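Chemist: Prediction below, plus the sequence it came from.
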Amino acid sequence: MSTVSRVGTVASIPFHGCVSEIFLVGTRKLGNKTSFLLTGRIPTWLQGTLLRNGPGMHTVGETRYNHWFDGLALLHSFTIRDGEVYYRSKYLRSDTYKDNIEANRIVVSEFGTMAYPDPCKNIFSKAFSYLSHTIPDFTDNCLINIMKCGEDFYATTETNYIRKINPHTLETLEKVDYRKFVAVNLATAHPHYDEAGNVLNMGTSIMDKGKTKYVIFKIPATVPEDKKEKNPLKHTEVFCSITSRSLLSPSYYHSFGVTENYVIFLEQPFKLDILKMSTAYIRGVNWASCMAFHKEDKTYIHIIDQRTRKPVPTKFYTDPMVVFHHVNAYEEDGCLLFDVIAYEDSSLYQLFYLANLNQDFEENSRLTSIPTLRRFAVPLNVDKNAEVGSNLIKLASTTARALKEKDDQVYCQPELLYEGLELPRINYAHNGKRYRYVFAAEVQWSPIPTKILKYDVLTKSSLKWGQEHCWPAEPLFVPTPGAKDEDDGIILSAIVSTDPQKLPFLLILDAKSFTELARASIDVEMHLDLHGLFIPDTDCNTGKQAASQEERDRAPDCHAAPQI
Ligand SMILES: CC1=C(/C=C/C(C)=C/C=C/C(C)=C/C=O)C(C)(C)CCC1
Ligand SMILES: [Fe+2]
């Protein structure tokens, strides 16, 4: 077991952490694997690595980030082999990380913190060099998620940069600029994968050749033998693009939806103000202040037909809302159903300012709108002769409505499924298809998850797991090999504790009954993470059971499909 002692302040508020404590983890613990104290039994079939990402370091030297989403990326891995669990964590050695550490202060701007790399330059030269690029060079602090691209794994954020990582050692490899392969300034950290492992992602191209567009692009999982360039990213292809309603204020989005034949993109009234962004640096304000929710605007629902690569011509819209996470979507009897976690406003991002995440965070961080699971239904073939005001949804399975309006517009009214959940995951084999279960973190009026839950969209019932002082992370579903039922598998979630006496642990639940199968407690400072994936071991790794961990680390990647 580890000998690193826990530090009270960090333990009581696992978001936080002052630099010395985090460095303590960084220098003494990171890179070494630590075995767990295990209770219960891990199913023998469960072999592989849970890879997670999230903000880890919020202070550099004397400087401190303002927002939780600014924190320097900390990668975590839980390797489960032969009933044992190995943990490791490592800071992503991004250029941002290196520049900050070298300067011993924050020198790269993040979402909620504007930083000044060169304090010696006078304000005029700074303004000049800055205004010469309307779109600034963004951070490569890839703290949000992990993406699998071919056989490679990348840490991702929402800027034009991703960082290749070694999923076994957590070492940081190449810095990749999406702009070399596709004209996007921003891209989501929530790509979709088809059955072959091809990546479908979306990004925003700002004022390129006088246009601002949302670009859907595909990165192939494999490259044909005869191609010279073996890197799948070099074969990135633009799938389709949608012109932004506004050149200077494109919508912000954190994810998008897919079905077997369609892509769903919500152009929501939570927008980036490009003019504000281009002057943010000289005005000394952060990127977050260049985003605004326009409650008087609509949310436009774009449906793209994957077969024609063209948007469906009907104009669908709904009330103003803010969506970060799409849950799932599918087609049913000529309609497209999509489920999202929606808010009435953008207050969520406001709450993650570290000033609110202090000792009094329970009082300070009250959401003004609770995240709700909403189901939308969109008719795929709109009858031109349908009466104005008529409901075009005739499905028995939902009360969601789509009301025909004049000018061939269709107003979509969702069905409210569940209140108080975030960080949704599904059995990924059902992505884009009919499905029944949502696994998520339960959140009420505070952004802090207190329980994890399984919500059944068919019976509208739920099962929950929670324990005092426990803050669970996003629950990830891993199917039992050869599973028949959608919920035949397990749930993995890294739990941090607000009680200094209680160690953080990897929780393993039976996904059917939502009961605990095992937990592996570890004596390290663990941080609440954001997103990640599971890389199952394949047959070729099982022969290495007796091998040392270092040997396992060096073992070649075995074409395992991640549970994403
Ligand atoms: C740096 C930077 C950005 C970063 C956004 C981030 C880091 C968002 C994180 C969101 C999360 C974690 C949501 C969870 O639901 C923007 C605004 C895209 C554009 C400007 C530069
Ligand atoms: Fe997310």
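Modeler: Yep, it's here. Being a predicted model, the structure only gives us computed values, none of them experimental. Ligands and ions are numbered 1, 2, ... in the order given.
Chemist: Going by C-alpha atoms from here, please, whenever you check contacts or count neighbours.
Modeler: Noted.
Chemist: Whatever residue of the stretch 301-450 of the chain ends up closest to ligand 1: what's it in contact with?
Modeler: Per Cα to the nearest ligand atom, the residue of the stretch 301-450 of the chain with the smallest distance to ligand 1 is Phe324, at 5.5 Å. If you count contacts by Cα atoms under 8 Å, 6 or more residues apart in numbering, Phe324 has them with Tyr253, His254, Ser255, Ile341, Ala342.
Chemist: Nearest to Leu503 among the residues you listed?
Modeler: Distances from Leu503 to those, taken as Cα to Cα, are shortest for Ile341 (30.8 Å).
Chemist: Grab the nearest non-local neighbour of the closest one.
Modeler: Once flanking residues are discounted, Ile341 sits nearest to Leu373: 4.6 Å by Cα to Cα, 6 or more residues apart in numbering.
Chemist: Make JSON lines out of the contacts of Phe324 and add secondary structure and pLDDT.
Modeler: Output for the contacts of Phe324, formatted as JSON lines (DSSP: H, G, I helix; E, B strand; the rest coil; pLDDT from 0 to 100):
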{"residue": "Tyr253", "secondary structure": "coil", "pLDDT": "98"}
{"residue": "His254", "secondary structure": "coil", "pLDDT": "98"}
{"residue": "Ser255", "secondary structure": "coil", "pLDDT": "98"}
{"residue": "Ile341", "secondary structure": "strand", "pLDDT": "98"}
{"residue": "Ala342", "secondary structure": "strand", "pLDDT": "97"}
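Chemist: Which of those residues sits closest to Asp319?
Modeler: Distances from Asp319 to those, taken by Cα to Cα, are shortest for Ala342, at 10.9 Å.
Chemist: Per-residue confidence, the residue lying closest to that closest one once chain neighbours are set aside, what does it come out as?
Modeler: Distances taken as Cα to Cα, 6+ apart put Val323 closest to Ala342, at 4.7 Å, once the chain neighbours are dropped. For Val323, the model assigns a pLDDT of 98.
Chemist: my guess is Val323 is in a strand, correct?
Modeler: Yes: judged by DSSP: H, G, I helix; E, B strand; the rest coil, Val323 forms part of a strand.
Chemist: tell me the SS of the residue nearest to Ile341?
Modeler: strand.
Chemist: Counting neighbours, what do you get for the residue in the stretch 51-200 of the chain that ligand 1 sits nearest to?
Modeler: Closest contact between the stretch 51-200 of the chain and ligand 1, by Cα to the nearest ligand atom, is at Phe111 (4.0 Å). By other Cα atoms under 10 Å, the residues close to Phe111 number 21.
Chemist: Repeat that for Asp333.
Modeler: 10.
Chemist: Next to ligand 1, which bits of the stretch 101-250 of the chain? Give me the list.
Modeler: The stretch 101-250 of the chain comes close to ligand 1 at residues Glu110, Phe111, Phe138, Thr139, Ile144, Thr157, Glu158, Thr159, as judged by Cα under 6 Å from any ligand atom.
Chemist: let's go with 8 Å and repeat that
Modeler: 109-112, 138-139, 143-144, 157-159, 186-187 (Cα under 8 Å from any ligand atom).
Chemist: Throw these into JSON lines and include pLDDT and distance to Pro43, thanks.
Modeler: Shown next, in JSON lines, are those (pLDDT from 0 to 100; distance: Cα to Cα, whole Å):
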{"residue": "Ser109", "pLDDT": "95", "distance to Pro43": "44"}
{"residue": "Glu110", "pLDDT": "97", "distance to Pro43": "41"}
{"residue": "Phe111", "pLDDT": "96", "distance to Pro43": "41"}
{"residue": "Gly112", "pLDDT": "96", "distance to Pro43": "42"}
{"residue": "Phe138", "pLDDT": "95", "distance to Pro43": "43"}
{"residue": "Thr139", "pLDDT": "97", "distance to Pro43": "40"}
{"residue": "Leu143", "pLDDT": "98", "distance to Pro43": "30"}
{"residue": "Ile144", "pLDDT": "98", "distance to Pro43": "29"}
{"residue": "Thr157", "pLDDT": "98", "distance to Pro43": "33"}
{"residue": "Glu158", "pLDDT": "98", "distance to Pro43": "36"}
{"residue": "Thr159", "pLDDT": "98", "distance to Pro43": "39"}
{"residue": "Leu186", "pLDDT": "98", "distance to Pro43": "40"}
{"residue": "Ala187", "pLDDT": "98", "distance to Pro43": "37"}
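Chemist: Tell me the one of the residues you listed nearest Gly284?
Modeler: Ser109 (10.6 Å).
Chemist: dump the residue contacts of that closest one.
Modeler: Ala115, Tyr116, Phe138, Thr139, Asn286.
Chemist: what's near enough to touch the third one?
Modeler: Each residue near Phe138 by Cα under 8 Å, 6+ apart is listed here: Ser109, Glu110, Thr159, Asn160, Tyr161.
Chemist: One more pass at 7 Å, please.
Modeler: By Cα atoms under 7 Å, 6 or more residues apart in numbering, Phe138 lies in contact with Thr159.
Chemist: what ranges do the strands span in the stretch 301-450 of the chain?
Modeler: Applying DSSP state E, counting those that start in this stretch to the stretch 301-450 of the chain gives strands spanning 310-311, 315-318, 322-332, 335-343, 372-379, 401-404, 409-413, 415-419, 421-425, 437-442.
Chemist: Please apply the same query to the stretch 151-300 of the chain.
Modeler: Applying DSSP E, counting those that start in this stretch to the stretch 151-300 of the chain gives strands spanning 152-156, 161-165, 172-177, 186-187, 192-193, 199-208, 211-219, 237-243, 257-258, 262-267, 270-272, 291-293, 299-305.
Chemist: want to try CSV for those, with mean neighbour count as columns?
Modeler: Listed next are the strands of the stretch 151-300 of the chain as CSV, based on neighbours: other Cα atoms under 10 Å:
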stretch, mean neighbour count
strand 152-156, 23
strand 161-165, 24
strand 172-177, 16
strand 186-187, 25
strand 192-193, 22
strand 199-208, 22
strand 211-219, 22
strand 237-243, 17
strand 257-258, 26
strand 262-267, 22
strand 270-272, 21
strand 291-293, 19
strand 299-305, 21
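Chemist: Could you tell me which residues within stretch 102-111 count as buried?
Modeler: Of the residues in stretch 102-111, Arg105, Ile106, Val107, Val108, Ser109, Glu110, Phe111 count as buried by neighbour count, 16 or more other Cα atoms under 10 Å.
Chemist: any chance of those residues in a markdown table, plus distance to Tyr349?
Modeler: Below are the buried residues of stretch 102-111 laid out as a markdown table (distance: Cα to Cα, whole Å):
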| residue | distance to Tyr349 |
| --- | --- |
| Arg105 | 24 |
| Ile106 | 21 |
| Val107 | 22 |
| Val108 | 20 |
| Ser109 | 17 |
| Glu110 | 13 |
| Phe111 | 10 |
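Chemist: related to what we said a few turns ago, and ligand 1, which of the contacts of Phe324 reach it?
Modeler: Checking the contacts of Phe324 against ligand 1 (Cα under 8 Å from any ligand atom), the matches are His254.
Chemist: Report the buried members of the contacts of Phe324.
Modeler: Tyr253, His254, Ser255, Ile341, Ala342.
Chemist: Cys142 contacts Thr157, correct?
Modeler: Yes: contact criterion Cα atoms under 7 Å: Cys142 and Thr157 qualify, at 4.5 Å.
Chemist: who has more neighbours, these two?
Modeler: A count of neighbours by other Cα under 10 Å puts Cys142 above the other of Cys142 and Thr157, at 31 against 25.
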